[in-house]
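Visitor: need a 3D model of the sequence below.
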Amino acid sequence: MSSNTLYRKYRPQQFADLLGQPHVANTLRNEITQKQVSHAYLFSGPRGVGKTTTARLLAKAVNCHQPKAGEPDTTCSACVAIREGKTLDVVEIDAASYTGVDNIREVIEQSRFAPSQLRMKVFIIDEVHMLSAAAFNALLKTLEEPPAHALFILATTELHRVPDTITSRCQRFNFHRFSDANVATRVRWIAQAEKRSVDDDVVDAIVRAADGSSRDAESILGQLFSLTSDRITREQADLVLPRSNEAAVAQLVQAILQQDQARALGVVQEQLELGTDLEAFRTDILHMLRTCMLARVLPLNQQPTVPSSIGESYRTLPVAYLTQALEAFLSASSYVTVSPLPQLPLELAIMQATPADTPSPATTPAQPAPRAPKASTPTAPSSSSSAPWSNVVKMVASAEPSLSVPLQMVRCTQDDGTHLTITSPYALHLERLQSPKARTALVKAVTEIFGAGVELQFTHDASLVLDVPTSVPHNTATNDSPAPAAQHPDQLWKQIVSAMK
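Guide: Below is the predicted model of the structure:
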């Protein structure tokens, strides 16, 4: 059975069958019952959450000969014709392929003629945000004064790209992303209907790969069903899904939480030799770190389940440490396409998430209470660890989390009152910091911290020796804590290689 056949076979035929969109289903049923159907609808939301399916259901409901409580009966000639695609009165257009004004003019021309078979002509325009400006302008007039027998249903995954003039003339519904529980329930229901057995860890893997899309989950399930006619195991699922060893993920995350760089780097090397998909591996690491972070901060009744293999070390860690680790692995994605070594982005993320010479929070001995800081006159920053620059880093990182690591791997100096120089030994970091989006965030933060009129300058110095980032806090840090040892980029790389031997 192909994935397309499976998807079409279990497509909802009534509003009651819609998954995870009760606000949409209930409202449309009430409108149909009260005969207050609008002339134009705009469905927005993530991919694979039922926008086009709902449009087809609405087309059936407004044309059904005997609707019941707002639901199409699914058996009348109109419902059957729409379901089987045998009527010319329901027109579906993919705006991604037909973006021009001539295509929309053809639709407008068709809408002027009365339907040949059904009660109403329905035009479903998918990915409507792809239309050109001229096409939108042509459509606007028809939406303002539509024929009484015509119904327009627009669907989009990018609502912000639809002109306000179009949006204001439609009744809008926002479709929600499916929860993992909803997707898992759908997968198990289809498997049961197909009389197939699917292992729980396979269901979990499908849910992660689907990322909130029921359509993607059903497509993956269809591919898995084509492999066997009995039971789907994880070994079989690895033939379709990106392969990632969950035990190895837990081992690496545990090493990060315990700040054991060598062990974490060793796990990456092992997975590389086993042929693991390292991008899928990184995604699983992010999921597990996020689970630890949420379990650390949420109330007990809302906490996600942390695998027992992780241990309890995450409970004693500052939330900022978990946040730093998440940011390090999140930013690693920007290096994937430019790295000559597939494992290097993960290795750098590990080094940034577990600073060298930082004592483990679980084993750090108690320290005296910190002394009150001495009064001092504000001065220009001499390095990236100074307070003003730290404030800039925090402000920029809150707006653009992916810039947190590059900003901490630079040295900041103010030569005079008007020039702030940012120096980095890494050309790739400088390139990211000089992108338009990053520069905008930097200028805004620098202006607020240092005042107006300060110009930014960027320089590359491969011989620059940096302090290991000290922004990862631990439970007993004090003003008397020793500064971490300085490391040259070459030394940092040597440490990576040495740890993997």
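
Visitor: quick one: the helices in the stretch 201-350 of the chain?
Guide: Applying DSSP state H, counting those that start in this stretch to the stretch 201-350 of the chain gives helices spanning 214-225, 234-237, 246-257, 261-274, 278-297, 319-331, 344-353.

Visitor: wait, which of those helices is closest to residue 308?
Guide: Of all the helices of the stretch 201-350 of the chain, it is helix 246-257 that lies closest to residue 308, at 9.0 Å by CB to CB. Just so you know, the C-beta spots here come from the backbone N, C-alpha and C atoms, and that holds for glycine as well.

Visitor: so how far is stretch 169-185 off the chain centroid?
Guide: From the chain centre to the centre of stretch 169-185 is a distance of 15 Å (CA atoms, centre = their mean, to the nearest Å).

Visitor: flag every buried residue along that stretch.
Guide: Under the neighbour-count criterion of 16 or more other CB atoms under 10 Å, stretch 169-185 has 169, 170, 173, 175, 176, 178, 182, 183, 184, 185 buried.

Visitor: same question, stretch 303-319
Guide: For stretch 303-319, a neighbour-count test (16+ other CB under 10 Å) marks 306, 310, 313, 314, 317 as buried.

Visitor: got the end-to-end distance for that stretch?
Guide: 15 Å (CA to CA, to the nearest Å).

Visitor: quick one on the thing from earlier: adding distance to residue 327 and pLDDT, write the buried residues of stretch 303-319 out as a markdown table.
Guide: Compiled in a markdown table, these are given as follows (distance: CB to CB, whole Å; pLDDT from 0 to 100):
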| residue | distance to residue 327 | pLDDT |
| --- | --- | --- |
| 306 | 20 | 82 |
| 310 | 19 | 83 |
| 313 | 19 | 78 |
| 314 | 16 | 81 |
| 317 | 15 | 80 |
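
Visitor: dump the buried residues of stretch 169-185 into JSON lines; add distance to residue 105, secondary structure and pLDDT as well.
Guide: Shown next, in JSON lines, are the buried residues of stretch 169-185 (distance: CB to CB, whole Å; DSSP: H, G, I helix; E, B strand; the rest coil; pLDDT from 0 to 100):
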{"residue": "169", "distance to residue 105": "18", "secondary structure": "coil", "pLDDT": "92"}
{"residue": "170", "distance to residue 105": "20", "secondary structure": "coil", "pLDDT": "94"}
{"residue": "173", "distance to residue 105": "27", "secondary structure": "strand", "pLDDT": "95"}
{"residue": "175", "distance to residue 105": "29", "secondary structure": "coil", "pLDDT": "94"}
{"residue": "176", "distance to residue 105": "35", "secondary structure": "coil", "pLDDT": "90"}
{"residue": "178", "distance to residue 105": "37", "secondary structure": "coil", "pLDDT": "87"}
{"residue": "182", "distance to residue 105": "40", "secondary structure": "helix", "pLDDT": "88"}
{"residue": "183", "distance to residue 105": "40", "secondary structure": "helix", "pLDDT": "90"}
{"residue": "184", "distance to residue 105": "45", "secondary structure": "helix", "pLDDT": "91"}
{"residue": "185", "distance to residue 105": "44", "secondary structure": "helix", "pLDDT": "90"}
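
Visitor: now tabulate the residues you listed in CSV and tack on distance to residue 51.
Guide: Output for those, formatted as CSV (distance: CB to CB, whole Å):
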residue, distance to residue 51
169, 18
170, 13
173, 9
175, 6
176, 11
178, 12
182, 16
183, 16
184, 21
185, 20
